[in-house]
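>>> quick check, what structure comes out for this input:
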Amino acid sequence: MRPINEIIIHCTDTPAGRPVTVAEINQWHLARGWSGIGYHRVVHLNGAREAGRPIERIGAHVAGHNTGTVGIVYVGGRSADMTHTADTRTPEQKHALVAEIIALRERFEIGGISGHRDYDKGKACPCFDAHVEYAHLLKGASDFVPLKDVMLARGDHGPAVLAWVQDLAKCRQMTRHPWPVQPTDAFDHTVELVTIWFQKERGIVADGIVGPQTRDEMERALSGKPPMMALAA
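From the prediction side, this is the model:
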């Protein structure tokens, strides 16, 4: 199991009162080039709590903060007429969110609870201050330090780049691509091109940046496994 020490709350950014299924969210995220639903838990209008992406898999819900987090999304977040963002949680959802947090707290060493907007100042999601509302549910989190995603991109240098290039070289031996990869600790244009090729081959966002999902797919590729899908087809 990966290390988990934080819960991040989201909303689906859909109209108040409109049901949304896990399958719908999964399709939205597949369309973005992700390996399916990025949230681990979904809280429906009636308070039902449903699994999304398996918790043991790194999520795709907050850029830079997926490695050590569980993403919970409640259905809603917009006014009924879609004119503005709003805290549309039903009483049942509020109760279910607390129950979900307590269940995760008992399972993992949760030190922090945040809202999506705490890591992306351009977003209103989840349309309320999750950190303030749920802080009392934590067990002594004064020394909490969020786990940040380790990212590699063009212009980076060092041992981590060399390790990635070596993995690309191993992958080329299994499925040939047009760019021979020479050992280097510099993330240059060639490494970026081959990274994009690899991402396209695995059906994930092809941005040339090596983050948790790309590393996960490399591990699967080198093990001879197919691309990870958050939900079975």
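>>> list the buried residues for the helix or strand of the chain with the lowest mean pLDDT?
In the chain, the helix or strand scored least confidently by mean pLDDT, DSSP states H and E is helix 159-174, which has a mean of 90. Under the neighbour-count criterion of 16 or more other C-beta atoms under 10 Å, helix 159-174 has Val161, Trp164, Val165, Asp167, Leu168, Cys171, Arg172 buried. (Glycine included, C-beta is placed from N, CA and C.)
>>> same check on stretch 60-68?
For stretch 60-68, using 16+ other C-beta under 10 Å, the buried residues are Ala60, His61, Val62, His65, Asn66, Thr67, Gly68.
>>> just these: which are in helices?
Judged by DSSP state H, helices contain none of the buried residues of stretch 60-68.
>>> tell me who's in contact with the closest residue to Thr184 other than its chain neighbours.
Nearest residue to Thr184 in three dimensions, chain neighbours excluded: Val165, at 5.7 Å (C-beta to C-beta, 6 or more residues apart in numbering). Counting by C-beta atoms under 8 Å, 6 or more residues apart in numbering, Val165 touches Val181, Gln182, Pro183, Thr184, Asp185, Val191.
>>> excluding its backbone neighbours, what's nearest the most centrally placed residue in the chain?
With distances taken as C-alpha atoms, centre = their mean, Ala60 lies nearest the centre of the chain, 1.8 Å away. Nearest non-adjacent residue to Ala60, counting by C-beta to C-beta, 6+ apart: Gly38, 3.3 Å away.
>>> strands of the protein, start to end?
6-11, 14-15, 41-43, 49-51, 69-74, 77-78, 112-115 (DSSP state E).
>>> same for the fourth one, what does it pack against?
Meaning strand 49-51. Where contact means 3 or more C-beta pairs under 8 Å, 6 or more residues apart in numbering; DSSP states H and E, strand 49-51 is packed against strand 41-43, helix 91-107.
>>> buried ones in that strand?
Those buried within strand 49-51 under the rule 16+ other C-beta under 10 Å are Arg49.
>>> ok, now the fifth one?
Across strand 69-74, burial judged by 16+ other C-beta under 10 Å covers Thr69, Val70, Gly71, Ile72, Val73, Tyr74.
>>> domain parsing of this protein, as residue ranges.
Using automatic domain parsing, the domain ranges for the chain come out as 6-137, 159-222.
>>> right, and these - which one's nearest Met228?
Within those, the stretch nearest Met228 is domain 6-137; the backing value is 5.0 Å (C-beta to C-beta).
>>> and the end-to-end length of that closest one?
12 Å (C-alpha to C-alpha, to the nearest Å).
>>> swap in stretch 42-49?
End-to-end distance for stretch 42-49, by C-alpha to C-alpha: 6 Å.
>>> which of the residues in it are buried?
Those would be Val42, Val43, His44, Leu45, Gly47, Arg49, for stretch 42-49 by 16+ other C-beta under 10 Å.
>>> which one of the residues you listed is nearest to Arg18?
So of those, ranked by how close each gets to Arg18 (C-beta to C-beta), first place is Leu45, at 8.2 Å.
>>> perfect, that will be all.
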